[in-house]
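**Student:** fold the stuff below for me.
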Amino acid sequence: MSDTLGEMLARLWATIEARRGASPDSSYTAKLLAAGPAGVARKFGEESLEAVIEAVNGDKAALARESADVLYHLLVLWEAAGLSPDDIAAELTRREGISGIEEKRSRKS
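**Tutor:** Here you go, the predicted structure:
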C-alpha cells in the first residue's frame, strides 16, 4: 500500500476537523456532524451497503467511488463519536500479531 492513501486520509481528517465548527448550511461535513453520532452512523451504513452492492456487481470503478464515500463517512463518524485516527491506530497496534480468530474469541470472554 502506498503512502498516498495515508496522506490523503490525513488531509481528509484535517478537513473534517476544520469543518466541525462550520455552518451546516455551507458544509456537508458540518451538516453530518450536526446529526450526531447516530445520524452519521446511519449515513455510514448507507454508504457501506452501496459499496457492498458494487462489490457484488463487480463494478470496480463504482466500488472505488463508494469506497471513497465509506472512508469519508467513517472518518466523520469517528469525529462525531470523539475518536481520532490515533485511537484507531492504537487498537490496530494492540491487535497486531494476534490471529483474527484469537482476537474475536477474546472479545467474547
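
**Student:** secondary structure element holding the residue nearest the centre of the chain?
**Tutor:** With the centre of the chain defined as its mean C-alpha position, the nearest residue by C-alpha atoms, centre = their mean is Leu74, 1.8 Å away. Assigned by DSSP states H and E, Leu74 belongs to helix 60-81.

**Student:** the residue nearest to the centre of the chain contacts Phe44, doesn't it?
**Tutor:** Yes - the pair Leu74 and Phe44 qualifies as a contact (C-beta atoms under 8 Å) at a distance of 6.1 Å. Placement of C-beta: from N, CA and C, glycine included.

**Student:** which stretches in the chain count as helices?
**Tutor:** Secondary structure of the chain (DSSP state H): helices located at 3-19, 28-34, 36-57, 60-81, 85-95, 100-108.

**Student:** so where is this protein shaky, pLDDT-wise?
**Tutor:** 1, 109 (pLDDT under 70).

**Student:** and for the helix holding Leu74, what's in contact with it?
**Tutor:** Under the criterion C-beta atoms under 8 Å, 6 or more residues apart in numbering, residues 9, 12-13, 16-17, 20, 29, 32-33, 35-37, 39-41, 43-44, 47-48, 50-51, 53-55, 84-85, 87-88 lie in contact with helix 60-81.

**Student:** could you find the closest non-adjacent residue to Ile88?
**Tutor:** Among residues not flanking Ile88 along the chain, Trp78 sits closest, at 7.0 Å (C-beta to C-beta, 6 or more residues apart in numbering).

**Student:** buried ones in stretch 17-36?
**Tutor:** 19, 27, 29-30, 32-33 (16 or more other C-beta atoms under 10 Å).

**Student:** cool, and stretch 66-85?
**Tutor:** Per 16+ other C-beta under 10 Å, stretch 66-85 contains these buried residues: 66-67, 69-80.

**Student:** buried sites along stretch 41-56?
**Tutor:** 41, 43-44, 47-48, 50-51, 54.
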